[in-house]
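Participant: have a look at this fold, sequence not included:
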């Protein structure tokens, strides 16, 4: 038995999909499909990694011989809408830290996929807790540290697990790393960003006239056109308003990130129409996030602003946060359970532009779901079975 | 246990005052209607107490003094004020870069009683704290045992009555990578141990010299602050709080203690699960840091949630701590709850944030449980202490309320918001050194 457990742990930690019985049935006392109301006493049938049926146990026919999993609550695989996992490794030593390129403060051409290590133990750690999808990339410590990508935590390589790349381009306003000689002030940060957008306009015009493509020019053009959303990290209220001002000037596709002081400018955020990937509620109250509150997610939700949760970036510990744990704190501070679970699944998938394939339990989709032995948000509940991208990645109660 | 407690409606009577009263009135306060989690012993007792102490505990029907103020806390849960064995709130500082060892430095001289970070402790139900300096030193200074009372002076927070004649805290020591640095600091683990051993040996020589002088009836006027504190350790009067993560570092801490006659309280013990039997056999208490994910440095790569369970099963005395600002004092109960998630007993988890921590500071006669005769330090909770949905409703120290969620300012300190916490008041580990991010707990 001990050996068996060790093997299971290995499968989680190295992200190697365990062999899956061709037919699987997952029973849940409550199944949150995120595709209609929760189903009481529901069942999901998985065949060859795809969901072939989902519904009430009284209606769905389970194939005889199917491998059975059971739990109190089943949800879609959870989504971390902004992470650095895979680029900032468990040891936190130079050899596994690829989240901040110090040569220049603005390098949107850098790709997450070229740095992502799917075998880092933290990737498997998140998978074991039901976080099956992450939008991961550079740390929000540069004006632009590069592009994010969306990847399945069940996979050990980019090639196996890639869902979308580039997903977004990371841009940070307000406080960036002191490693850069310039920009060194808020105003200079914004001036440099506006210059880049003007450069994008000029590049687009030249390219349309037949000029050769450049690495930087292509991503700038996609940022400007809205083809690739810009993930703008801004915590202070005035930085949030600056982000909205820039978006109005250039018309790019923006997702607001962090937003620790969002509660001061809810009307402005709402009017701008941008979704928010809110800071981890347990973020430390220092730096630009000094005024963070546990209750901000609830306020954003009450204002009708679409939002999702993120693990964000920590230079030290916890080396990765766990969105499930973070969202639970929001739920304990005014966000209702269904809205919390929605933000962790279909809400995040919608903001990430992957709602056609992720964030719901629905027929035809790859199995990507979590079986919990109780309320998923409760401290003492475990994620006991996890399927990611059609494969069983954990059957240890974590 | 829980079911038994559910049947025992608490009646808790204590002598104290409510903050809203202008002058502290020493009238008894009776809490009625709550579920009681006394942590130690059977849930129902009756008795009488003195000033600011628990006077009586019992089921509905227990006699309430006629002049008592009765507070109806029906539907709530009352447990002892939480005990945090390892915290950096209060803008604490310790020794500087002039040496790796500062036995004579008192953190109590650097604590700001008005620091906003103390509000995090109050909001989290933490009433007793061991405030200490960082782990960037082999010995960064003397820790301070305090209560999170609202007061302007450190004297009003300390457990001890007289800072000149009493021992008012423990001693912070560390090994492993945080204190391995350049300059006056060790460069290897072996050198770390040798520097600590050399310090204790010199203190032994000092002690002999002092004893000889006193025996000969001579005056001894070469009093050394550091050596006095080290003698207190070797005499068993001052407790060493030893930051240590890796399994071999844990055993090194025990080895040094064994050589000089003390049993350290092991702090963080990320790899304690690997040497649980050795820890238990040494009788060394273990105070655990609960981090949401492993890693952040090499010696914490194998940090796991199950450490509390494994150490509990091995028979070690187990506590959790916040290490605030590594984890947030407002969510201290969460550490115990995650311990239960990983298999620790509920009873053990509740003891690990109360009485066990008190034992690690030698304060178990005063705090850490709801028992007649103990200080009236308690937390009124809205529900199960181990549930994410439970809030600290009130925090009481010595019969006086220090946090009340119904008060808007206190609610703000519980949830955060604009201007609630001073950005300068988050302890960045190792900030006192050049290694800002490497030098963590």
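Facilitator: In hand now; what should we look at? Predicted model, so just to flag it, every value in this text is computed and none were measured. Residues are numbered from 1 along each chain as shown, chains lettered A, B, ... in the order given.
Participant: which strands or helices does the longest strand seen in chain B pack on?
Facilitator: Using DSSP state E, we find that the single longest strand of chain B is strand B:27-36. Under the contact criterion of 3 or more Cβ pairs under 8 Å, 6 or more residues apart in numbering or on different chains; DSSP states H and E, strand B:27-36 touches helix B:2-7, strand B:9-16, strand B:69-72, strand B:77-80. No exception for glycine: its C-beta is placed from N, CA and C like everyone else's.
Participant: what's the following helix or strand after that strand?
Facilitator: Downstream of strand B:27-36, the next assigned helix or strand under DSSP states H and E is strand B:54-58.
Participant: so what's the gap between that next one and the chain middle?
Facilitator: Averaging C-alpha positions (Cα atoms, centre = their mean, to the nearest Å) puts strand B:54-58 25 Å from its chain's average.
Participant: and stretch B:252-264, by the same measure?
Facilitator: With Cα atoms, centre = their mean as the basis, stretch B:252-264 stands 21 Å off its chain's centre.
Participant: please identify the buried residues of that stretch?
Facilitator: B:252-254, B:256-257, B:260, B:262-264 (16 or more other Cβ atoms under 10 Å in any protein chain shown).
Participant: how about stretch A:198-209?
Facilitator: Buried, per 16+ other Cβ under 10 Å, within stretch A:198-209: A:200, A:203-204.
Participant: could the residues you listed be laid out in JSON lines, adding distance to chain B and secondary structure?
Facilitator: Below are the buried residues of stretch A:198-209 laid out as JSON lines (distance: Cβ to the nearest Cβ, whole Å; DSSP: H, G, I helix; E, B strand; the rest coil):
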{"residue": "A:200", "distance to chain B": "34", "secondary structure": "helix"}
{"residue": "A:203", "distance to chain B": "37", "secondary structure": "helix"}
{"residue": "A:204", "distance to chain B": "40", "secondary structure": "helix"}
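Participant: what helices and strands are in contact with whichever helix in chain B runs longest?
Facilitator: What stands out as the longest helix in chain B, according to DSSP state H, is helix B:189-215. Other helices and strands packing on helix B:189-215, by 3+ Cβ pairs under 8 Å, 6+ apart, are helix B:225-234, helix B:247-260.
Participant: could you dump those into a markdown table with mean pLDDT added?
Facilitator: Shown next, in a markdown table, are the helices and strands packed on helix B:189-215 (pLDDT from 0 to 100):
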| stretch | mean pLDDT |
| --- | --- |
| helix B:225-234 | 98 |
| helix B:247-260 | 98 |
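Participant: show the pLDDT at residue B:437.
Facilitator: We have a pLDDT of 33 for residue B:437.
Participant: low-scoring stretches of the chain, by residue?
Facilitator: No chain specified, so I'll use chain A. Residue ranges of chain A with pLDDT under 70: A:1-21.
Participant: to clarify, I was referring to chain B.
Facilitator: B:1-11, B:14-26, B:41-51, B:423-441.
Participant: one step back: how far does the longest strand of chain B sit from its chain's centre?
Facilitator: With Cα atoms, centre = their mean as the basis, strand B:27-36 stands 26 Å off its chain's centre.
Participant: centre-most residue in the chain?
Facilitator: Using chain A. Central residue of chain A (Cα atoms, centre = their mean): residue A:81, 2.0 Å from the mean position.
Participant: not quite, go with chain B.
Facilitator: In chain B, the residue lying closest to the centroid (Cα atoms, centre = their mean) is residue B:85, at 2.1 Å.
Participant: that one and residue B:354, how far apart?
Facilitator: Here residue B:85 is placed at a distance of 11 Å from residue B:354 (Cβ to Cβ, to the nearest Å).
Participant: up against chain B, what does the stretch 251-398 of chain A have?
Facilitator: By Cβ under 8 Å from any Cβ of the partner chain, the residues of the stretch 251-398 of chain A that approach chain B are A:261, A:263-264, A:282, A:284-287, A:290-295, A:314-322, A:325, A:328-329, A:331-333, A:377-382.
Participant: in helices only, show me those.
Facilitator: Secondary structure from DSSP H places A:325, A:328-329, A:331 of these in helices.
Participant: between these, which is nearest residue A:97?
Facilitator: Residue A:97 lies nearest to residue A:325 out of those, by Cβ to Cβ, at 23.0 Å.
Participant: could you report the neighbour count for that closest one?
Facilitator: Look at residue A:325: counted by other Cβ atoms under 10 Å in any protein chain shown, it has 22 neighbours.
Participant: ok, residue A:271 next?
Facilitator: By other Cβ under 10 Å, 10 other residues sit near residue A:271.
Participant: how about it, phi and psi?
Facilitator: As for residue A:271, its main-chain torsions (degrees, to the nearest 10) stand at phi -70, psi -30.
Participant: again with the one 5 residues further on
Facilitator: Main-chain torsions, residue A:276, degrees, to the nearest 10: phi -120, psi 130.
Participant: returning to that earlier point: and the longest helix of chain B, how far from the chain's centre?
Facilitator: Centroid displacement of helix B:189-215 relative to its chain, using Cα atoms, centre = their mean, is 28 Å.
Participant: identify each buried residue in that helix, please.
Facilitator: B:189, B:192-193, B:195-196, B:199-200, B:203-204, B:206-207, B:210.
Participant: got it, and stretch B:272-285?
Facilitator: The neighbour-count check on stretch B:272-285 (16+ other Cβ under 10 Å) flags B:272-276, B:278-280, B:282, B:284-285 as buried.
Participant: how far out from the middle of the chain is it?
Facilitator: 20 Å.
Participant: how long is that stretch end to end?
Facilitator: For stretch B:272-285, the first-to-last residue distance is 11 Å (Cα to Cα, to the nearest Å).
Participant: likewise stretch A:101-111?
Facilitator: Stretch A:101-111 stretches 11 Å from its first residue to its last (Cα to Cα).
Participant: cool, and stretch B:91-107?
Facilitator: 10 Å.
Participant: strands of the stretch 51-200 of chain A, start to end?
Facilitator: Counting by DSSP state E, counting those that start in this stretch, one finds strands in the stretch 51-200 of chain A at the ranges A:67-76, A:78-83, A:131-136, A:146-152, A:162-172.
Participant: most neighbours per residue, which of those?
Facilitator: strand A:78-83 (a mean of 31; mean count of other Cβ atoms under 10 Å in any protein chain shown).
Participant: give me the contact list for it.
Facilitator: Contacts to strand A:78-83, defined as Cβ atoms under 8 Å, 6 or more residues apart in numbering or on different chains, come from residues A:126, A:129-137, A:148, A:231, A:257, A:277, A:308-312, A:320, A:323-324, A:344-345, A:348-349, A:351-352, A:358-359, A:370.
Participant: show me what contacts residue A:350?
Facilitator: Residue A:350 touches A:275, A:306, A:359, counting by Cβ under 8 Å, 6+ apart.
Participant: helix or strand: which one has the residue nearest to the last one when sequence neighbours are not counted?
Facilitator: Ranked by Cβ to Cβ, 6 or more residues apart in numbering or on different chains and with sequence neighbours excluded, the top spatial neighbour of residue A:359 is residue A:349, at 2.8 Å. Of the helices and strands defined by DSSP H and E, residue A:349 is found in helix A:346-352.
Participant: quick one: name whatever helix or strand follows that helix.
Facilitator: That would be, after helix A:346-352 and using DSSP H and E, strand A:369-372.
Participant: one step back: now the helices and strands packed on helix B:189-215 as a markdown table including distance to residue A:217?
Facilitator: Shown next, in a markdown table, are these (distance: least, Cβ to Cβ, whole Å):
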| stretch | distance to residue A:217 |
| --- | --- |
| helix B:225-234 | 64 |
| helix B:247-260 | 52 |
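Participant: format these as CSV; extra columns: distance to chain A.
Facilitator: As requested, those are exported to CSV (distance: least, Cβ to the nearest Cβ, whole Å):
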stretch, distance to chain A
helix B:225-234, 29
helix B:247-260, 17
